[in-house]
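J.: Return atomic coordinates for the entry below.
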Amino acid sequence: MANIFVRSTDGSNADSGATWALAKLDLTGAAAIDAAGDTIWVSQSHAESTAGSITFDWAGTAASPTRVICGDDSAEPPTALATTATVSATGSAVLSVSSGIDYLYVYGITFNAASGASSGQIALNQNTGLQVYENCNFNLVTTDVTSVIIGNNSTGITQLVNCGLQFSATAQSMQQNGGMLALNGGSVLADAAITTFTTLGAGAHLYANGFDFLNCAAAMNICSNTSSNVNVRLRNCRMPASWSGSVNASTPGSNSVFEIHNCDSTDTNYRLERKTQFGTVTHETTIVGGAGASDGTTAISWKMVSNANSEWNHQTLDSPEIVRWNETTGSAITATIEIVHDSLTNITDQQIWMEVQYLGTSGTPLALFVDDAAADYITAAADQADSSASWTTTGMTNPNTQKLSVTFTPQEKGFIHAVVKLAVASKTVYVDPKITVA
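T.: Here you go, the predicted model:
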């Protein structure tokens, strides 16, 4: 496991790369000789540029990954890290940072693709494996609208930790054809205010935590996808000012879930959006329970809106989990969730119900499940119970308050997990995301 040194100011690819004095000229020279487990030290003054495409194929494996790290070249190896090295592919260019089955960690490098009006592309993970980029920037210098930053092109995992993404035309975006892309911290850098963040192929997964979308357009959609088996989850992210977009501007394909949790541009901590093949769930602050869920100041409910494909008994619009700690063991308890809808007709247990997962096995955390749905597919529907709970029902013509309740006997202390399932076409129901136990 060797150190390989790279410095554009005085390096040469004819040299061994074994010291700063014998540094390689560029990353292409380093990638030509690296072995699994090597560390590529890139000088803080490094600035390489190639007139055309660049492709790096690193030798790292799961047991011995390759590391490409920007460091201060005043020591050998560096004792201080830096974030000032640049790698640029100019013209009509593709910059493939990783093209093989690579296990790779990159720190402190800015990657630039294309210039002027030429098309360009930055491909972070072209195959499989695991790549982690920390404190790096990825810049589409080109203004060509077809240019993209590819987070994953196959089945690999790509993690961006505190990285910046820069776009030079509003129609540019990320693209993910498969695998998983995780954004932990970082931001879209100021330049063009893009209108769609990413396009995802079947089987792709995007997870963003603490990512800053502020510099995107106010109407920016995270994606517009009908692909199957796609999962998108944003949590604790900052959105563009006066954000009016959606987590998905289209109807999701089968087995796809798109979610936003606590993401906003202002000082709110309850914003929710969940879209599936069978409808949407969003936060609500007007039609709310009088003694229900709250962030401590603002009362909150969840607005569940099913589409035409939602029906009994398996094509259900599912809420996010509602969770409560339980201390009772060995005695029956009843868990209740309050709902309201605008109708003179009661909603039935073939149209909406709650499913609870609880610790019902003594001596082990093996969960049991209970619900208040009709017993099976051929059982006649029954109205869910009426409720006297207080709701603010501004705008409703015929507010109808009902409740979902199940009784069960926990055998272990632990969390109760409840999901509300809506299985009737084109129905709006407001759910109080608070479990009461008696």
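
J.: so where's the stretch 251-400 of the chain uncertain?
T.: By pLDDT under 70, the stretch 251-400 of the chain contains no weakly predicted segment.

J.: need the strands for it, in chain order.
T.: 257-261, 272-276, 279-284, 288-289, 301-306, 317-318, 322-326, 333-342, 352-359, 367-371, 385-386, 391-392, 399-408 (DSSP state E, counting those that start in this stretch).

J.: name the helices or strands packed onto the third one?
T.: What that stands for is strand 279-284. Secondary-structure packing of strand 279-284 (3 or more Cβ pairs under 8 Å, 6 or more residues apart in numbering; DSSP states H and E): strand 272-276, strand 301-306, strand 317-318. Any C-beta I mention is one placed from the backbone N, CA and C, and that applies to glycine too.

J.: Equivalent analysis for the fifth one, please.
T.: Judged by 3+ Cβ pairs under 8 Å, 6+ apart, the packing partners of strand 301-306 are strand 279-284, strand 317-318, strand 414-422, strand 428-431.

J.: quick one on the thing from earlier: in TSV, list the strands of the stretch 251-400 of the chain along with distance to L189.
T.: Below are the strands of the stretch 251-400 of the chain laid out as TSV (distance: least, Cβ to Cβ, whole Å):
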stretch	distance to L189
strand 257-261	22
strand 272-276	25
strand 279-284	29
strand 288-289	38
strand 301-306	34
strand 317-318	36
strand 322-326	36
strand 333-342	43
strand 352-359	42
strand 367-371	44
strand 385-386	53
strand 391-392	42
strand 399-408	46
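
J.: rewinding a little: closest to V370 out of the helices and strands packed on strand 279-284?
T.: Proximity to V370 (Cβ to Cβ) singles out strand 317-318 among the helices and strands packed on strand 279-284, at 16.2 Å.

J.: circling back to that earlier point, can I get the helices and strands packed on strand 301-306 in a markdown table with distance to H261 and mean neighbour count?
T.: Output for those, formatted as a markdown table (distance: least, Cβ to Cβ, whole Å; neighbours: other Cβ atoms under 10 Å):
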| stretch | distance to H261 | mean neighbour count |
| --- | --- | --- |
| strand 279-284 | 10 | 21 |
| strand 317-318 | 15 | 22 |
| strand 414-422 | 15 | 20 |
| strand 428-431 | 16 | 23 |
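
J.: Look at S16 and say how many residues are nearby.
T.: Other residues within reach of S16, judged by other Cβ atoms under 10 Å, total 13.

J.: now do the one 10 residues further on
T.: Residues within reach of D26, counting by other Cβ under 10 Å, total 22.

J.: do N152 as well
T.: 29.

J.: One more: the one 10 residues further on?
T.: N162 sits with 16 neighbouring residues when counted by other Cβ under 10 Å.

J.: shouldn't it be in contact with N184?
T.: Yes. Using Cβ atoms under 8 Å, N162 is in contact with N184, at 7.4 Å.

J.: quick one, which of the helices and strands packed on strand 279-284 is nearest to A418?
T.: Using Cβ to Cβ, these put strand 317-318 closest to A418, at 10.9 Å.

J.: what does that closest one rub up against?
T.: Residues outside strand 317-318 that contact it (Cβ atoms under 8 Å, 6 or more residues apart in numbering) are 276, 278-281, 304-307, 310, 419-423.

J.: do the same with stretch 205-216
T.: With Cβ under 8 Å, 6+ apart, stretch 205-216 has contacts from 151, 176, 179-191, 193-195, 197-198, 200, 220, 222-223, 230-241, 265.

J.: If any of those residues are buried, give me the ChimeraX selection for them.
T.: In ChimeraX syntax, the buried subset of these is picked out as below (16 or more other Cβ atoms under 10 Å):
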select :151,176,179,180,181,182,183,184,186,187,188,189,191,193,194,195,197,198,200,220,222,223,230,231,232,233,234,237,238,239,240,265
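
J.: Where helices are concerned, which of the contacts of stretch 205-216 count?
T.: Per DSSP state H, helices hold no members of these.

J.: Quick check: the gap between S173 and T199.
T.: Separation of S173 from T199 (Cβ to Cβ, to the nearest Å): 6 Å.

J.: quick one, which of the two is more surrounded?
T.: S173 (26 against 16).

J.: Which residue comes closest to the more buried one once chain neighbours are left out?
T.: Spatial nearest neighbour of S173, chain neighbours left out: T196 (5.0 Å); criterion: Cβ to Cβ, 6 or more residues apart in numbering.

J.: what's the answer for I149, then?
T.: Excluding the flanking residues, the one nearest I149 by Cβ to Cβ, 6+ apart is I122, at 4.7 Å.

J.: and the strand or helix carrying that neighbour, what does it pack onto?
T.: Using DSSP states H and E, I122 sits in strand 120-123. Judged by 3+ Cβ pairs under 8 Å, 6+ apart, the packing partners of strand 120-123 are strand 93-96, strand 109-113, strand 137-140, strand 148-152.

J.: the domain parsing of this structure - what is it?
T.: If you go by automatic domain parsing, the domain ranges for the chain are 3-309, 318-437.

J.: need the contact list for the closest residue to D73 other than its chain neighbours.
T.: In this structure, D73 finds its nearest non-sequential neighbour in S43, 4.2 Å apart by Cβ to Cβ, 6+ apart. Contacts for S43 (Cβ under 8 Å, 6+ apart) come out as 5-9, 20, 23, 70-71, 73, 85.

J.: mind giving me JSON lines with these and columns for distance to Y103, secondary structure and neighbour count?
T.: As requested, the contacts of S43 are exported to JSON lines (distance: Cβ to Cβ, whole Å; DSSP: H, G, I helix; E, B strand; the rest coil; neighbours: other Cβ atoms under 10 Å):
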{"residue": "F5", "distance to Y103": "21", "secondary structure": "strand", "neighbour count": "26"}
{"residue": "V6", "distance to Y103": "19", "secondary structure": "strand", "neighbour count": "28"}
{"residue": "R7", "distance to Y103": "25", "secondary structure": "coil", "neighbour count": "24"}
{"residue": "S8", "distance to Y103": "26", "secondary structure": "coil", "neighbour count": "20"}
{"residue": "T9", "distance to Y103": "30", "secondary structure": "coil", "neighbour count": "11"}
{"residue": "W20", "distance to Y103": "26", "secondary structure": "coil", "neighbour count": "19"}
{"residue": "A23", "distance to Y103": "24", "secondary structure": "coil", "neighbour count": "28"}
{"residue": "C70", "distance to Y103": "19", "secondary structure": "strand", "neighbour count": "27"}
{"residue": "G71", "distance to Y103": "20", "secondary structure": "strand", "neighbour count": "22"}
{"residue": "D73", "distance to Y103": "26", "secondary structure": "coil", "neighbour count": "22"}
{"residue": "A85", "distance to Y103": "21", "secondary structure": "strand", "neighbour count": "26"}
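
J.: hang on, the earlier thing: comparing the domains of the chain, which comes out most buried?
T.: domain 3-309 (a mean of 20; mean count of other Cβ atoms under 10 Å).

J.: Quick one: distance of that domain to the chain centre.
T.: Chain-centre distance of domain 3-309: 11 Å, with Cα atoms, centre = their mean, to the nearest Å.

J.: Thank you, goodbye.
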